[in-house]
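Asker: Structure, please.
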Amino acid sequence: MKFLVRKRRTTPAVIIVALIDVLIVLVIFLLVTTTFKQAPSLKLTLPSSTSALKSGASENPPIVVSIDPGGNLRLTNPQLNVNEMPMTIENIKAQLAEAAAKNSNVKLAVRADKNAPWGSVVAVMDAAKAAHISLMSAYTKEAGTP
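Answerer: Residues are numbered from 1 along each chain as shown. Alright, predicted model coming up:
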């Protein structure tokens, strides 16, 4: 009787370096194909206007103060990379004064919900006037858009 001698098989090895390379390619692909859309954190119902200014119409972006229906204030300052930061009216006064000191042509845009307390809107306008900001506007939506 003749016995066959079987050779021992080596266990297959997983090459980790190749797996890491594939993972890096997948991550890069996902980063390139993903769209980075900035969604506002506040859901505001803007009042409508027939002369609403189209977005992107201004080269120098304004400082935006958002006012929600509860009267809470949030500041967005593109020059300082501040985005939707909750603030009090005193903090907004200080931020506007600082921005006006750096740039005399600073613009302020008030983005208030149509159900926002009028007192908050007036307080922001007073803060802008105290900081000597003369270019003020209000965000609105076009008439007829939901």
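
Asker: what about dumping the CA coordinates of the longest helix seen in the chain to CSV?
Answerer: When the chain is parsed with DSSP state H, its longest helix is helix 16-33. Provided in CSV are the C-alpha atoms of helix 16-33 (Å, rounded to 0.1, in the frame of the first residue of the first chain):
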residue,chain,number,x,y,z
ILE,A,16,-3.1,45.0,5.4
VAL,A,17,-1.2,47.6,3.3
ALA,A,18,-3.3,46.8,0.3
LEU,A,19,-6.5,47.1,2.3
ILE,A,20,-5.4,50.5,3.7
ASP,A,21,-4.7,51.7,0.2
VAL,A,22,-8.2,50.7,-1.0
LEU,A,23,-9.7,52.3,2.1
ILE,A,24,-7.9,55.6,1.4
VAL,A,25,-9.0,55.6,-2.2
LEU,A,26,-12.6,55.1,-1.1
VAL,A,27,-12.4,57.9,1.4
ILE,A,28,-10.9,60.3,-1.2
PHE,A,29,-13.7,59.3,-3.6
LEU,A,30,-16.4,60.0,-1.0
LEU,A,31,-14.8,63.4,-0.2
VAL,A,32,-14.6,64.4,-3.8
THR,A,33,-18.2,63.3,-4.7
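
Asker: For this structure, which residues score under the pLDDT cut-off?
Answerer: 1, 35-42, 44, 46, 49-59, 141-146 (pLDDT under 70).

Asker: and with 80 instead?
Answerer: 1-9, 12, 35-60, 79-82, 139-146 (pLDDT under 80).

Asker: ranges for the helices of it?
Answerer: Counting by DSSP H, the chain has helices at residues 16-33, 89-102, 118-130.

Asker: Make CSV from those and add mean neighbour count to it.
Answerer: C-beta: built from backbone N, CA, C; applies to glycine. Converted to CSV, the helices of the chain look like this (neighbours: other C-beta atoms under 10 Å):
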stretch, mean neighbour count
helix 16-33, 9
helix 89-102, 16
helix 118-130, 16
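
Asker: okay, stretch 68-77 in PDB with CA atoms only?
Answerer: Provided in PDB are the C-alpha atoms of stretch 68-77 (Å, rounded to 0.1, in the frame of the first residue of the first chain):
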ATOM      1  CA  ASP A  68     -36.100  83.600  15.400                       C
ATOM      2  CA  PRO A  69     -39.800  83.700  16.500                       C
ATOM      3  CA  GLY A  70     -38.700  83.500  20.200                       C
ATOM      4  CA  GLY A  71     -36.600  86.600  19.900                       C
ATOM      5  CA  ASN A  72     -33.200  84.700  20.100                       C
ATOM      6  CA  LEU A  73     -30.400  86.400  18.300                       C
ATOM      7  CA  ARG A  74     -27.700  84.700  16.200                       C
ATOM      8  CA  LEU A  75     -24.800  86.400  14.500                       C
ATOM      9  CA  THR A  76     -23.000  85.400  11.300                       C
ATOM     10  CA  ASN A  77     -19.900  87.300  10.400                       C
END
